[in-house]
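Undergrad: Provide a 3D model corresponding to the input given below.
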Amino acid sequence: MKWQEISITTSPEAIEAISELFYRLGSGGVVIEDPDLLKQRANSGLWDAFELPEEALAAERPVVKGYLPINHDLPHRLEELQAGAAEIMARLDQTECEMNLSELDEEDWANSWKAYFKPLKMGTQIVIKPTWESYTAQGKEHIIEMDPGMAFGTGSHSTTLMCAEFLEKYLKAGDHVIDVGTGTGILSMCAAFLGAQNVLALDYDAVAVKTARENISNNHLEKIIKVHQNDLLQGIEKKAHVITANIIADIIIRLFPQVKNCLEPAGLLITSGVIGERKEDVEEAANLHDFALIEERIEKDWVAQVWKMREC
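TA: I've put the predicted structure just below:
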């Protein structure tokens with residue numbers, strides 16, 4: 001398969017909104033080249049500068065890269081992307097962003113972002129380690145070996161980090177968990193290492209299901225985590241103590257009425273992937289379906305929230 005790489009040169013203020021736009025249009029991963037952040041991490045010793053692309057370090061403005069399959073839907077998606085990016089910049093009262101296109105083979109795409117994926121600690125117990133990197137666990141750390149392939153979810157995005165921190169705080173040993181929109185399976189594996197008795201990982205995308213199964217197998221968690229292709233929670237009869245949904249606002253809004261049938265009476269729903277400007281929409285839907293907010297975190301204009309069902 002061939003992929004269209006779309007590079008959008010933008011401003012620091014627009015990075016998160018442009019990223020969310022890529023995800024909403026089905027991008028097979030997103031790379032953020034923020035020269036200030038890359039230099040900061042290189043200077044801190046987290047990354048070696050020689051490992052990073054020279055053009056990214058020399059750039060004056062951030063670049064957000066997304067990847068869409070080259071098929072009959074591509075022209076329409078590119079139109080939506082261009083219109084959405086223009087709307088974001090207008091809302092920020094900034095000049096239009098620059099968009100460039102290039103074609104990549106799947107193998108080239110699969111290797112192009114590896115320089116940006118380093119061992120990352122999530123909470124206090126979990127470390128996400130790329131399969132091609134070296135890392136030695138310290139203390140009680142659990143290491144999750146990851147190869148994202150063509151699916152989204154390396155753990156470095158704020159939405160994933162906040163979800164993992166909520167799991168560490170609220171998940172109890174022996175809990176049953178459902179991970180909706182599992183992507184690469186990262187939150188499902190976090191739940192397993194944090195003591196979940198069993199995890200049902202769901203995703204609508206066949207590529208994500210394949211990647212999640214491979215990652216779960218590589219981490220020897222097949223007995224705890226089962227992965228299925230599914231449209232949100234439709235047809236799911238399993239009850240869970242914790243349900244995670246790190247997706248986007250529109251999908252989370254659709255999810256609320258389905259959660260009631262799958263959540264234990266004292267169970268919790270952890271949602272993330274919501275951009276700041278959609279926060280009120282999600283809260284309105286939660287209230288409509290009798291969910292009460294327990295805790296909220298906001299990072300880089302991304303919102304993660306913990307909900308419980310109101311008592312009747």
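Undergrad: Which residues are in contact with Ala14?
TA: Ile88, Met89, Leu92, Gln94, Cys97 (Cβ atoms under 8 Å, 6 or more residues apart in numbering). C-beta coordinates here come from the backbone N, C-alpha and C atoms, glycine included.
Undergrad: any idea of the mean pLDDT for the host helix or strand of Gly267?
TA: Element membership of Gly267, judged by DSSP states H and E, is strand 263-275. Strand 263-275 carries an average pLDDT of 93.
Undergrad: what's the helix or strand hosting Trp3 packed up against?
TA: Secondary structure from DSSP H and E places Trp3 in strand 2-9. Strand 2-9 sits against strand 63-69, helix 74-91, strand 98-105, helix 106-112, with contacts defined as 3 or more Cβ pairs under 8 Å, 6 or more residues apart in numbering; DSSP states H and E.
Undergrad: what's the most buried one of those?
TA: strand 63-69 (a mean of 22; mean count of other Cβ atoms under 10 Å).
Undergrad: measure stretch 163-176 end to end?
TA: 16 Å (Cα to Cα, to the nearest Å).
Undergrad: Now do the helices for the protein: every range, in order, please.
TA: 15-24, 35-44, 54-58, 74-91, 106-112, 158-170, 186-193, 206-218, 249-259, 279-288 (DSSP state H).
Undergrad: Compare these and say which comes out lowest on pLDDT.
TA: helix 54-58 (a mean of 55).
Undergrad: Could you break this structure into its assigned domains?
TA: Residue ranges for the domains of the chain, per automatic domain parsing: 2-115, 118-309.
Undergrad: Paired strands for the strand holding Trp3, with orientation please.
TA: Here strand 2-9 is paired, per DSSP bridges, with strand 63-69 (antiparallel), strand 98-105 (antiparallel).
Undergrad: In it, which residues are buried?
TA: Trp3, Gln4, Glu5, Ile6, Ser7, Ile8, Thr9 (16 or more other Cβ atoms under 10 Å).
Undergrad: do stretch 206-213 as well
TA: For stretch 206-213, by 16+ other Cβ under 10 Å, it's Val207, Ala208, Val209, Lys210, Thr211, Ala212, Arg213.
Undergrad: how much space between the fifth one and Asp34?
TA: This means Thr211. Noted for Thr211: a distance of 26 Å to Asp34, by Cβ to Cβ, to the nearest Å.
Undergrad: what's the answer for the last one, then?
TA: According to Cβ to Cβ, Arg213 stands 32 Å off from Asp34.
Undergrad: So Ser102 sits against Glu5, correct?
TA: Yes. Ser102 lies in contact with Glu5 (Cβ atoms under 8 Å); the separation is 4.8 Å.
Undergrad: Ignoring the adjacent residues along the chain, who's closest to Val209?
TA: Leaving aside its chain neighbours, Val209 sits nearest to Gln229 (4.7 Å; criterion: Cβ to Cβ, 6 or more residues apart in numbering).
Undergrad: Name whatever forms a beta bridge with the one you found.
TA: If you apply DSSP bridges, the partners that Gln229 bridges to are Asp203.
Undergrad: show me the contacts for it.
TA: Per Cβ under 8 Å, 6+ apart, neighbours of Gln229: Leu202, Asp203, Tyr204, Asp205, Ala206, Val209.
Undergrad: which one of those residues is nearest Ile225?
TA: Leu202 (11.1 Å; Cβ to Cβ).
Undergrad: if you skip the residues just before and after it, what's nearest to that closest one?
TA: Per Cβ to Cβ, 6+ apart, closest to Leu202 is Asn230, 4.4 Å.
Undergrad: Next, count neighbours for the one you found.
TA: Neighbourhood size, Asn230 [other Cβ atoms under 10 Å]: 17.
Undergrad: my guess is it meets Tyr204, correct?
TA: Yes. The pair Asn230 / Tyr204 is scored as a contact, 6.9 Å apart, by Cβ under 8 Å.
Undergrad: if we can go back for a sec, can you tell me which of the domains of the chain is most buried?
TA: domain 118-309 (a mean of 19).
Undergrad: Now do that one: distance to the chain's middle.
TA: How far domain 118-309 lies from its chain's middle: 9 Å, per Cα atoms, centre = their mean, to the nearest Å.
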